[in-house]
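Undergrad: Sharing a model that was predicted from the sequence below.
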Amino acid sequence: MITFILCLGLLIGSYFTYGKYLERLFEADPSCETPCKTHYDGVDYLPMPMWKTFLIQLLNIAGLGPIFGALLGAMYGPVAFLWITLGGIFIGAMHDYASGMLSLKMQGLSFPEIVGHYLGLPVKQIMRGITLFLMVLVGAVFLVGPAGILHTMTSLSQNLWVWVILIYYILATLLPIDKIIGRFYPIFGAALFIMALGILGVLFFGPYAIPELSPENWRNFKTDAELFPIFPTLFITIACGAVSGFHATQSPLMARCVTNQRQGRPVFFGAMIAESIIAMIWAAIGMAFWGGTPELNAIMAEQGNNAAWAVNEITNTTLGRVGAILALLGVVVAPITSGDSAFRCARLIAADFLHLEQRSIKKRLYISIPLFIAGFAITLMQFDVVWKYFAWLNQTLATICLWTVAVYLYIHRKNCIIALLPAIFMTLVICTYILIAPEGLHFSFSTGFGIALVLTIGVWALAYWYMRLRRTRFEAGVSELAD
C-alpha cells in the first residue's frame, strides 16, 4: 500500500510542479487568441468550457487503455507502478501537453502536419499515411468488438449492431463536436472516474493487500518471462497509462475548442495524469484482487489473458450492481468513444492535408464517406495480424512525437532535454521490441538489444545533426519554422 500511495502522491503533485514548469517552458499566454476564435467554424473549431474539454480529452485518450493495459501490465508485478508513475509524469504528460500546446499554437493543426513542420516533408507524408490508416483501423476494431459484446448480451445479430454503431460513428464524425461528443463524452468520462474512485475505495477499505515494490518483488512475475521481458514489453503493454502516441492524434480535437492557452495544463497535462491515476488503481486491484501477482498470472492464463473478463469479475464483485453497470460502460461504451474519435480525427487529418475547410457538410462528406467505406471493409477482413502490431505502432507514434517536441524546443533554445531523453529511451524500447517480439524478428534478447542500442545511437546522432541544421535555418529566418 505504501508504494501505491507514494505513486499516487507523485502523480497528483506533478500537476502542480512539473505541469507548472512545462506551462512556463511553452510560454502559455492567456492573452493570445486560441484557434476556436481565430478559426471558428461551428463544427470543429468552437469554444467549450474547460471542464467539458477536460472530460472529453480524458475519454478521447483513455477508452479502455488505462484499464485493460494496466491489468495486463500488472502481471509483471509492482514494477508496473514505477512505469505508470515515472512514465506518466515525465514522458506521457509531457508528451500530451507538448502535442496539445503545439497544436494550440499552430492553429489547431493535426498531428502529421505538426510533425512535418519540424521533421520535414518526407516524414510528414509518411505520418499522414500511417496515422490515417491507424485511425481507420482503430475505428474498425472498435466497431466489431463492441458489436460482438452487444450480440452476446442481447442475442441480436452482430451485423445489426455493427450497422447501429456505424451509424452512430457517422453522426459523431460529421456533426459539430458539441452536438454528440460534447454532450455525452463528459457523462462517460465522469463514469470512468466514478468506477476508478469506487475501486480506489475498495483498495483502501476492503480486504485486499497491494504488493509493495521491494527487492524481492523487483522481478518479472509473468510465467513466460523469457518471451516477454520487462524491458521492453512492459513499456509497450502499458501505453495509455504511461505514454501513448494515440494521444497526440487526439489532442488537436480539443486544441480547437479550448478558450485560453492556460487551459492546456488541465486539459492536456491534467487529463494524462488523471489517466495515469486510473491506470494505477486498476494495476493495483489487478495485483490485489486474486491475492497477489502470481495468482493474477494464473487466473489470466486460464482466461486467455481476457482483460474484459477480469474487469467484469472485479467490478461485479467489489461494486455490486453499480459495478455491473459501470463495467458495461467500460467494455462497450469506452471502445465506442475511442472509435468515433478515431474516425473524427481521421477526417481532420485528411482535411488538413487536402486543405478542405470543414464548415460545409458536403466537404465533410467528401472525406468521411471513403473513410467509412474503408473502415467497414476492414471489418470484413481478417485484420488480427495487423492489429498485433498496433501496440508497437502506437508507441512508435509517441516516439516520433517526442522527437518532434525535442526539435521544437532545441530550435527555440529551450530545455530540450525533457523531450530528448524520453525520445531516446522510447526509441530503444520500440527498436528492441520489434527485434525480439514473436510478431517481430524474434531475435534473442541480447542480440535484439544490441542491435537496438546501435540503432538508437544512430538515430540520436542523426537527430542531433538535424536539430543543429534546423536551428541554424530557423535563426536565419527560414519561414518554414516560423511560429
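TA: Good, I have the coordinates.
Undergrad: Would you point out the helix or strand in this structure whose mean pLDDT is lowest?
TA: helix 384-388 (a mean of 73; mean pLDDT, DSSP states H and E).
Undergrad: So which bits of it are buried?
TA: Within helix 384-388, the residues that count as buried by 16 or more other CB atoms under 10 Å are residue 386. From N, CA and C alone the C-beta is placed, and that goes for glycine too.
Undergrad: can you list the residues that contact that helix?
TA: Residues from elsewhere that reach helix 384-388 (CB atoms under 8 Å, 6 or more residues apart in numbering): 137, 141, 439.
Undergrad: Just send those back as JSON lines, with pLDDT, neighbour count and secondary structure too.
TA: Compiled in JSON lines, those are given as follows (pLDDT from 0 to 100; neighbours: other CB atoms under 10 Å; DSSP: H, G, I helix; E, B strand; the rest coil):
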{"residue": "137", "pLDDT": "89", "neighbour count": "21", "secondary structure": "helix"}
{"residue": "141", "pLDDT": "83", "neighbour count": "22", "secondary structure": "helix"}
{"residue": "439", "pLDDT": "89", "neighbour count": "12", "secondary structure": "coil"}
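Undergrad: of those residues, closest to residue 354?
TA: residue 137 (20.2 Å; CB to CB).
Undergrad: hang on, isn't that closest one packed against residue 378?
TA: Yes. Using CB atoms under 8 Å, residue 137 makes contact with residue 378 at a distance of 6.4 Å.
Undergrad: Now do the strands in the stretch 1-150 of the chain.
TA: Counting by DSSP state E, counting those that start in this stretch, the stretch 1-150 of the chain yields no residue ranges for strands.
Undergrad: ranges for the helices of it?
TA: 2-16, 18-25, 35-38, 50-62, 70-73, 79-82, 94-105, 111-119, 121-154 (DSSP state H, counting those that start in this stretch).
Undergrad: Just give me how far the least confident helix or strand of the chain sits from the chain centre.
TA: Relative to the centre of its chain, helix 384-388 is centred 18 Å away, using CA atoms, centre = their mean, to the nearest Å.
Undergrad: Could the C-alpha coordinates of the helix or strand just after that helix be exported in CSV?
TA: Remark: after helix 384-388, the chain's next helix or strand is helix 390-411, criterion DSSP states H and E. What follows is helix 390-411, C-alpha atoms only, in CSV (Å, rounded to 0.1, in the frame of the first residue of the first chain):
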residue,chain,number,x,y,z
PHE,A,390,-0.9,-1.7,-33.2
ALA,A,391,0.7,-1.5,-29.7
TRP,A,392,4.2,-1.2,-31.3
LEU,A,393,3.0,1.3,-33.9
ASN,A,394,1.3,3.3,-31.1
GLN,A,395,4.5,3.7,-29.2
THR,A,396,6.3,4.4,-32.4
LEU,A,397,3.9,7.4,-32.9
ALA,A,398,4.7,8.5,-29.4
THR,A,399,8.4,8.3,-30.1
ILE,A,400,8.1,10.4,-33.3
CYS,A,401,6.1,13.0,-31.3
LEU,A,402,8.8,13.1,-28.6
TRP,A,403,11.5,13.8,-31.3
THR,A,404,9.2,16.5,-32.8
VAL,A,405,9.0,18.2,-29.4
ALA,A,406,12.7,17.9,-28.9
VAL,A,407,13.4,19.6,-32.2
TYR,A,408,10.9,22.4,-31.4
LEU,A,409,12.5,23.0,-28.0
TYR,A,410,16.0,22.9,-29.4
ILE,A,411,15.5,25.4,-32.2
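Undergrad: what angle do the helix or strand just after helix 390-411 and helix 18-25 make?
TA: Downstream of helix 390-411, the first helix or strand assigned by DSSP H and E is helix 417-436. Orientation check (axes from the mean of the first three to the mean of the last three CA atoms, to 10 degrees): helix 417-436 against helix 18-25 gives 110 degrees.
Undergrad: got the angle between helix 417-436 and helix 94-105?
TA: Computed by the same axes, to 10 degrees, the angle between helix 417-436 and helix 94-105 is 120 degrees.
Undergrad: name the helices or strands packed onto helix 417-436?
TA: Counting contacts by 3 or more CB pairs under 8 Å, 6 or more residues apart in numbering; DSSP states H and E, helix 417-436 is packed against helix 94-105, helix 230-237, helix 390-411, helix 445-475.
Undergrad: can I get those helices in JSON lines with mean pLDDT, mean neighbour count and distance to residue 308?
TA: As requested, those are arranged in JSON lines below (pLDDT from 0 to 100; neighbours: other CB atoms under 10 Å; distance: least, CB to CB, whole Å):
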{"stretch": "helix 94-105", "mean pLDDT": "97", "mean neighbour count": "27", "distance to residue 308": "26"}
{"stretch": "helix 230-237", "mean pLDDT": "95", "mean neighbour count": "22", "distance to residue 308": "16"}
{"stretch": "helix 390-411", "mean pLDDT": "96", "mean neighbour count": "24", "distance to residue 308": "17"}
{"stretch": "helix 445-475", "mean pLDDT": "95", "mean neighbour count": "15", "distance to residue 308": "30"}
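Undergrad: Any idea which of the ones you listed gets closest to residue 245?
TA: helix 390-411 (2.5 Å).
Undergrad: pLDDT weak spots in this protein?
TA: 383-384, 478-483 (pLDDT under 70).
Undergrad: what residues are up against residue 432?
TA: Here residue 432 is in contact with 231-232, 448-449, 452 (CB under 8 Å, 6+ apart).
Undergrad: Could you rerun that using 10 Å?
TA: By CB atoms under 10 Å, 6 or more residues apart in numbering, residue 432 lies in contact with 229, 231-233, 235-236, 440, 443, 445, 448-453, 455-456.
Undergrad: What of residue 150?
TA: Here residue 150 is in contact with 156-158, 160-162, 164-165, 328, 332, 336 (CB under 10 Å, 6+ apart).
Undergrad: and which of these is nearest to residue 264?
TA: Nearest to residue 264 out of the contacts of residue 150 is residue 336 (CB to CB; 27.3 Å).
Undergrad: residues contacting that closest one?
TA: For residue 336, the contact set (CB under 10 Å, 6+ apart) comprises 63, 142-143, 145-147, 150, 165, 168-169, 172, 188, 329.
Undergrad: So for residue 298, which of the helices and strands packed on helix 417-436 sits nearest?
TA: Minimum separation from residue 298 across these (CB to CB) falls at helix 230-237, 18.1 Å.
Undergrad: Quick check: which helices or strands does that closest one pack against?
TA: Other helices and strands packing on helix 230-237, by 3 or more CB pairs under 10 Å, 6 or more residues apart in numbering; DSSP states H and E, are helix 70-73, helix 79-82, helix 390-411, helix 417-436, helix 445-475.
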